[in-house]
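Visitor: Please work out how this folds:
(2 chains)
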Protein chains: 2
Amino acid sequence: MANLFDDLVTPDGTERFDELLARPGAVIERIVSTGQATPPDAPYDQAWDEWVLLISGAARLWLDGAGEVPLAPGDHVLIPAYCRHRVLWTQAEPPTVWLAVHFR
Amino acid sequence: MANLFDDLVTPDGTERFDELLARPGAVIERIVSTGQATPPDAPYDQAWDEWVLLISGAARLWLDGAGEVPLAPGDHVLIPAYCRHRVLWTQAEPPTVWLAVHFR
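Guide: Coordinates of the predicted model:
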């Protein structure tokens, strides 16, 4: 058994993406952010639905059509396929922990 | 946007199961337990993999082959298809909140 709060930090301080489980149709991923944001000129734009749950910390997303979405622990949001989105801000300390389910 | 800690309680105090999202291949469910356990003579035994994450509270699972598994917040475990399992105990107050992903 593993814990979502294990090994939060990377040696070089970069954002951390860990695939927890992959099955046909869905991949479960943990994301640990420590202040990172998505460059304004490079939004995510993916071909599959993604569901994200903020576990701890705090963040602000931007979703095309919906605008700015502040996230507190427990907040969850569906990012539909081809909905451009960006992470505007993440709390650095303590780190911001996300759970993402990619339906791909 | 919704929060995982919204509407935790049922009027009659029963365990609560809320489907948050369903897509081909996976269903995301929130479970809120308030002391419930699985009857010893009626373990779960399902045809699909289930991944569970304890969000808040505390619980003890029993998994055929692995035995007793205590769960604290952040702990996650894969329950393989056809692995008989039971919830032995759940913290009642504050309620125990689980996230389950059913790969079906």
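Visitor: how many neighbours does the closest residue to chain B within chain A have?
Guide: Nearest residue of chain A to chain B (Cβ to the nearest Cβ) works out as A:Gly25 at 1.8 Å. From N, CA and C alone the C-beta is placed, and that goes for glycine too. A:Gly25 has 15 neighbours, counted by other Cβ atoms under 10 Å in any protein chain shown.
Visitor: swap in A:Ala58?
Guide: Neighbour tally, A:Ala58, other Cβ under 10 Å: 16.
Visitor: cool, and the one 4 residues further on?
Guide: Using other Cβ under 10 Å, A:Trp62 has 18 other residues around it.
Visitor: show me what contacts the closest residue to A:Ala92 other than its chain neighbours?
Guide: Distances taken as Cβ to Cβ, 6 or more residues apart in numbering or on different chains put A:Gly35 closest to A:Ala92, at 3.5 Å, once the chain neighbours are dropped. Counting by Cβ atoms under 8 Å, 6 or more residues apart in numbering or on different chains, A:Gly35 touches A:90-92.
Visitor: Mark which of the residues you listed are buried, thanks.
Guide: Neighbour counting with 16 or more other Cβ atoms under 10 Å in any protein chain shown marks A:90-91 as buried within the contacts of A:Gly35.
Visitor: And the contacts of A:Gly35, which is closest to A:Ala58?
Guide: Distance to A:Ala58, by Cβ to Cβ, is smallest for A:Gln91 among the contacts of A:Gly35, at 4.3 Å.
Visitor: Could you verify my assumption that that closest one touches A:Gly57?
Guide: Yes. If you go by Cβ atoms under 8 Å, A:Gln91 and A:Gly57 touch, sitting 4.2 Å apart.
Visitor: Show the model's pLDDT score for the residue of chain A closest to chain B.
Guide: Here the pLDDT value assigned to A:Gly25 is 93.
Visitor: How about A:Thr10?
Guide: pLDDT for A:Thr10: 84.
Visitor: hang on, it packs against A:Arg16?
Guide: Yes. Here A:Thr10 lies in contact with A:Arg16, judged by Cβ under 8 Å, at a distance of 5.1 Å.
Visitor: list the residues that contact both of those two?
Guide: Common contacts of A:Thr10 and A:Arg16 (Cβ under 8 Å, 6+ apart): A:Val32.
Visitor: More neighbours: the two, which one.
Guide: Shown here are A:Thr10 and A:Arg16; by other Cβ under 10 Å, A:Arg16 has more neighbours (17 against 12).
Visitor: can you list the residues of chain A near chain B?
Guide: Counting by Cβ under 8 Å from any Cβ of the partner chain, chain A comes close to chain B at A:1-6, A:20-21, A:23-26, A:28, A:49, A:51, A:53, A:55, A:69, A:71-72, A:74-78, A:99, A:101, A:103.
Visitor: Just the buried residues of these.
Guide: By neighbour count, with 16+ other Cβ under 10 Å, these hold A:4-5, A:20, A:23, A:26, A:28, A:49, A:51, A:53, A:55, A:69, A:71, A:74-78, A:99, A:101, A:103 as buried.
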